[in-house]
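>>> From the sequence below, what's the structure:
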Amino acid sequence: MSPRFNRRLFITAFVIIVALVVVANLIGHRENRYERMADTITHALARNDMAPVQKDFNAVDRPELQDRERVGALSNLVVSMGAFKGSKETTPRGSDPNYHQFVETFAKGTLAEKFMLDPDGKITRFHIGPSAGANAGS
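Numbers count the residues shown, from 1 in each chain. Sure, this is the predicted structure:
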């Protein structure tokens, strides 16, 4: 094989690999920062330990993270859903830019998670629970 043929083969292979990477990135879903935030909170709830995510909450709302009964109930709900698979943001177009909603997918179904951010990007209102039509009981 000539060096010219080898060079063409290398360039062709390189172009094909780059094209595959571009297509994979376009097709694949990448988590946005709010989905990562929702994932982190869901994992904290599953561990019944909100300390790692306290910094993500507005200072006024942080005392609610110390409510052992409320956090325990949410933890039981999350754990009952089985293995956590991830969050997907489903915020409707035209919503307040500080409002975010997600579908939390678990081995045994889905939950809805919603939160509102203050001007500093801290969570000021938070909810996780079954959504209408969710298969949480499956």
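>>> Gly82: which element?
Assigned by DSSP states H and E, Gly82 belongs to no helix or strand.
>>> Once you drop chain neighbours, what's closest to it?
Ala107 (3.2 Å; CB to CB, 6 or more residues apart in numbering). C-beta: built from backbone N, CA, C; applies to glycine.
>>> so what's the one you found scoring on pLDDT?
You'll see Ala107 listed with a pLDDT of 96.
>>> ok, it to Ser80 distance?
11 Å (CB to CB, to the nearest Å).
>>> same check, this time on Asp118
Taking CB to CB, one finds Asp118 at 31 Å from Ser80.
>>> Would you mind writing the CA trace of stretch 64-75 as CSV?
Extracted as CSV, the C-alpha positions of stretch 64-75 are listed here (Å, rounded to 0.1, in the frame of the first residue of the first chain):
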residue,chain,number,x,y,z
GLU,A,64,-37.4,22.6,56.4
LEU,A,65,-34.5,20.3,55.5
GLN,A,66,-34.1,19.7,59.2
ASP,A,67,-37.8,18.5,59.5
ARG,A,68,-36.9,14.8,60.1
GLU,A,69,-40.6,13.7,59.7
ARG,A,70,-41.0,15.4,56.3
VAL,A,71,-37.6,14.4,54.9
GLY,A,72,-38.1,10.9,56.2
ALA,A,73,-41.5,10.6,54.5
LEU,A,74,-40.0,11.9,51.2
SER,A,75,-37.1,9.5,51.7
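>>> I'm done for today, thanks for sticking with me.
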